[in-house]
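J.: next come a sequence and a model predicted from it.
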Amino acid sequence: MEVEDNLKKQFDIVSKATEEYIKEAEIESIDDILLVKKFAHILLKTEDVDYYYKYNNSVSFKESDMLVSDFLESLNTKYKDYYDIRKEDGSFIFEYIPEYGDHPFSTYDTEINQRIMYIPLENTLEDSCVIVHELMHDINMDIENDSEVRTIYTEAISILAEFIFKDYLKNKRVKQYQLPVNRTLYSLKQYAISADFNIKLIEKYLSDGYLDRGSIFEILEQYPDDYLEILEVIFHDIVDNGELSLDMDQRYVVGALIATYMYDRIKAKKTNILELFELNQMLPVYEFDQVLDYLDLEHDEDDLLAESYDKLSKAYKKFLKTR
């Protein structure tokens, strides 16, 4: 009986979290979140790759710092100078701090008026990738006005920078710096599953006006068995946090497709690297549609056009073939 009561409580929490998200986001129909639904669908319908990502070699922080510095020097000398400034002013935290947890992040601490880029070092090649990722977030952060547009697109810039950095490492042809299959892809797949599950919860709630054990199991039954372990974690995260994760999920889902699309444009024409630099500078002031226009992604008032989704899907599939 106690187990049943606990399960009912969990389902009630998920139902309440879904209801609150719908109200706060002012969602009247699934059309209001159609773009992220379609983005997640592209990621999930694409054939899986081997996401194995174990790092076999130890890489010291000194090596990681050198790799990042050399990469930034070759990419954009202004970024190298910016990296040096942020190391000198104490913005970087290159150690594990229990209260900050295991996951890296970048933010602005208003209490101490300090930028923070938290990098809990693993002493693997991943440290240098994380430094590049978080540095890009910091570059396009406006501490006075962190817009919703920037919040959505900043992951695209950071993921793109990671991809370019990994090409740089690959071209070094040094065994110590050989990368396993991209760990980023593994994370992006999880975010896509989470976004899709959150959206299905919203769809079901909009349809029925509630969620219960039966309706949630009905949703879970729509997924292949190899997703169930990830979905169990996602479900319990919603229960533990008392809220849906769609706001965070969509950053990575949108970011993944925009990043691989921009990467494909750079591969087709090297001068398109300027798009990385220019968007990194303009994100704090651009509107959502302005970014789409800048990247030649056609859209109407509410959604991308079919041709644009096709461009994103093709670029993502092409990217996976190169991994």
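T.: Nice, I can see it. Numbers count the residues shown, from 1 in each chain.
J.: now for the helix or strand where K189 lies, which elements pack on it?
T.: Secondary structure from DSSP states H and E places K189 in helix 183-208. Judged by 3 or more Cβ pairs under 8 Å, 6 or more residues apart in numbering; DSSP states H and E, helix 183-208 is in contact with helix 2-24, helix 34-45, helix 126-139, helix 148-172, helix 213-220, helix 228-241, helix 246-268. For glycine as for every other residue, the C-beta is placed from the backbone atoms N, C-alpha and C.
J.: buried stuff in it?
T.: 183-185, 188-205 (16 or more other Cβ atoms under 10 Å).
J.: chain center to stretch 16-29: distance?
T.: Offset of stretch 16-29 from its chain centre (Cα atoms, centre = their mean, to the nearest Å): 22 Å.
J.: circling back to that earlier point, tabulate the helices and strands packed on helix 183-208 (a markdown table), appending mean pLDDT, mean neighbour count and distance to V285.
T.: A markdown table is the format used below for the helices and strands packed on helix 183-208 (pLDDT from 0 to 100; neighbours: other Cβ atoms under 10 Å; distance: least, Cβ to Cβ, whole Å):
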| stretch | mean pLDDT | mean neighbour count | distance to V285 |
| --- | --- | --- | --- |
| helix 2-24 | 88 | 14 | 26 |
| helix 34-45 | 95 | 19 | 21 |
| helix 126-139 | 96 | 23 | 14 |
| helix 148-172 | 92 | 20 | 9 |
| helix 213-220 | 94 | 15 | 39 |
| helix 228-241 | 95 | 14 | 32 |
| helix 246-268 | 96 | 22 | 18 |
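J.: redo those as TSV? Include distance to L72.
T.: Formatted as TSV, these follow (distance: least, Cβ to Cβ, whole Å):
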stretch	distance to L72
helix 2-24	39
helix 34-45	29
helix 126-139	8
helix 148-172	9
helix 213-220	44
helix 228-241	34
helix 246-268	16
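J.: which residues touch E73?
T.: Contacts here follow Cβ atoms under 8 Å, 6 or more residues apart in numbering; on that basis E73 touches K80.
J.: secondary structure class of it, three-state.
T.: Recorded secondary structure, E73: helix (DSSP: H, G, I helix; E, B strand; the rest coil).
J.: measure it to L276 for me?
T.: E73 is 16 Å from L276, where distance means Cβ to Cβ, to the nearest Å.
J.: among the helices and strands packed on helix 183-208, which comes closest to F92?
T.: With respect to F92, and counting by Cβ to Cβ, the nearest of the helices and strands packed on helix 183-208 is helix 126-139 at 7.8 Å.
J.: and the closest one, what does it pack against?
T.: Applying 3+ Cβ pairs under 8 Å, 6+ apart, one finds that helix 126-139 contacts helix 61-75, helix 77-88, strand 105-109, strand 114-118, helix 148-172, helix 183-208.
J.: distance of M66 from Y79?
T.: M66 is 15 Å from Y79, by Cβ to Cβ.
J.: neighbour count winner among these two?
T.: Y79 (22 against 12; other Cβ atoms under 10 Å).
J.: nearest residue to that one other than its sequence neighbours?
T.: Counting by Cβ to Cβ, 6 or more residues apart in numbering, L72 is the residue found nearest to Y79 once chain neighbours are left out, at 4.5 Å.
J.: pretty sure the one you found is touching I85, no?
T.: No. L72 lies out of contact with I85 (Cβ atoms under 8 Å); the separation is 11.9 Å.
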